[in-house]
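**Student:** coordinates only, sequence not included:
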């Protein structure tokens, strides 16, 4: 088929062009950042004006950051898994960029969920940590994020590293349903789901709404940071290509 | 024995430190990469060498 008869690429396909993606990310980021800040301010106001829980007292406020960061830690890994498929199957140029950019963000959200969970566990359970199924599987998620970051730093060849990372991300995805259903499959100290459940949330609206607003704020924060980190990763690769070109030119001259 | 308020304060403190650190790292990384690109472009180095491109060389635009 000649070039003149080729059909114009669709919007999503055109995004595969990193230059076009950079333009879009540059335009979107300030808006997303602004929206994130506004949502988090509203969420924090609602969190600190919400009534205390009759059992947990004021420690219920820890839930407003613990639960959204735990959700985001799992959502981030799921986005990485979808990107890994995009990287392996379609060789989408931005899919590997997405995997690499998301890993440190996911690691931070996982760490935050672990720390805040521990800080809630001490006054409520009487212990900082137990090796129950939910806590252990979540800790494994943290280790997987660290492993993926270490792998990314260890390999020089971006193409090989992309494939290895993508395979590892997909293998590790098995942990996501294990985390989600661990509280149902095993007898855990961690309570079962109280928001995302078939028969509806079991939390009183006065505590549920601040939680949902904080969750929206955290989600917006994730997408803002992911866009920024993807932009940084594309720039990093461009710098590498330019340095290689410069070295090649020097090599050709000598 | 810590009060409930202390646990809440420590949790929100951890959130500020971890998320603040992540935001700062992302911003600084972006700034450093932009500076690298500007320096290389100032030296006349381009991404795609217009000179003799080796056959089979990766043309990916990343």
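**Tutor:** Right, received. Where do you want to start? Quantities reported herein were computed from a predicted structural model and do not represent experimental measurements. Numbering: from 1, shown residues only, chains lettered A, B, ... in the order given.

**Student:** just the element for the residue of chain B found nearest chain A, please.
**Tutor:** For chain B and chain A, the shortest gap (CB to the nearest CB) falls at residue B:33, measuring 3.7 Å. To be clear about C-beta, it is placed using only N, CA and C from the backbone, and glycine gets the same treatment. Element membership for residue B:33 (DSSP states H and E) is helix B:4-42.

**Student:** quick one: name the residues of chain B near chain A.
**Tutor:** B:2, B:4-5, B:7-8, B:10-12, B:14-15, B:18-19, B:21-23, B:25-27, B:29-30, B:33-34, B:36-37, B:40-41, B:43, B:45-49, B:51, B:60-62 (CB under 8 Å from any CB of the partner chain).

**Student:** what about burial for those, which qualify?
**Tutor:** The neighbour count (16 or more other CB atoms under 10 Å in any protein chain shown) marks B:4, B:7-8, B:10-12, B:14-15, B:18-19, B:22-23, B:26, B:29-30, B:33, B:36-37, B:40, B:45, B:47, B:49, B:61-62 as buried among the residues of chain B next to chain A.

**Student:** and the pLDDT at the residue nearest to the spatial centre of chain B?
**Tutor:** Chain B has residue B:29 as the residue nearest its centroid, 3.0 Å off, counting by CA atoms, centre = their mean. Per-residue confidence (pLDDT) for residue B:29: 96.

**Student:** ok, the one 4 residues further on next?
**Tutor:** Note for residue B:33: predicted pLDDT of 95.

**Student:** tell me who's in contact with it.
**Tutor:** Counting by CB atoms under 8 Å, 6 or more residues apart in numbering or on different chains, residue B:33 makes contact with A:232, A:235-236, A:239.

**Student:** below-threshold pLDDT in chain B: ranges please.
**Tutor:** Along chain B, the parts satisfying pLDDT under 70 run over B:48-62.

**Student:** quick one: contacts of stretch A:159-172?
**Tutor:** By CB under 8 Å, 6+ apart, stretch A:159-172 touches A:77, A:80-81, A:83-85, A:87-88, A:95-96, A:99-100, A:144, A:147-148, A:151-152, A:155.

**Student:** tell me the secondary structure for the closest residue to the residue of chain B closest to chain A other than its chain neighbours?
**Tutor:** Of all residues not flanking residue B:33 in the chain, residue A:235 sits nearest, at 3.7 Å (CB to CB, 6 or more residues apart in numbering or on different chains). At residue A:235 the chain is in helix, as set by DSSP: H, G, I helix; E, B strand; the rest coil.

**Student:** check contacts around residue A:235.
**Tutor:** Listed by CB under 8 Å, 6+ apart, the contact partners of residue A:235 are B:30, B:33-34, B:36-37.

**Student:** try 10 Å this time
**Tutor:** When the contact criterion is CB atoms under 10 Å, 6 or more residues apart in numbering or on different chains, the partners of residue A:235 are A:18, A:22, B:29-30, B:32-37, B:62.

**Student:** which of the contacts of residue B:33 sits closest to residue A:187?
**Tutor:** Set against residue A:187, the nearest of the contacts of residue B:33 by CB to CB is residue A:232 (43.8 Å).

**Student:** test my guess that that closest one contacts residue B:37.
**Tutor:** No. At 11.1 Å, residue A:232 does not count as touching residue B:37 under the criterion of CB atoms under 10 Å.

**Student:** any idea how far residue A:19 is from the residue of the stretch 151-254 of chain A found nearest chain B?
**Tutor:** Chain B sits closest to residue A:235 of the stretch 151-254 of chain A, with a gap of 3.7 Å, by CB to the nearest CB. Using CB to CB, to the nearest Å, we find residue A:235 at a distance of 11 Å from residue A:19.

**Student:** and what of residue A:114?
**Tutor:** Relative to residue A:19, and taking CB to CB, residue A:114 is found at 39 Å.

**Student:** which one's more surrounded, those two?
**Tutor:** residue A:114 (21 against 11; other CB atoms under 10 Å in any protein chain shown).

**Student:** the more buried one: what's it in contact with?
**Tutor:** Residues counted as contacts of residue A:114 (CB under 10 Å, 6+ apart) are A:66, A:69-70, A:73, A:129, A:135, A:138-139, A:141-142, B:14.

**Student:** what about it, which SS state?
**Tutor:** Here residue A:114 is recorded as helix under three-state DSSP.

**Student:** okay, now residue A:184: neighbour count?
**Tutor:** There are 11 residues near residue A:184, going by other CB under 10 Å.
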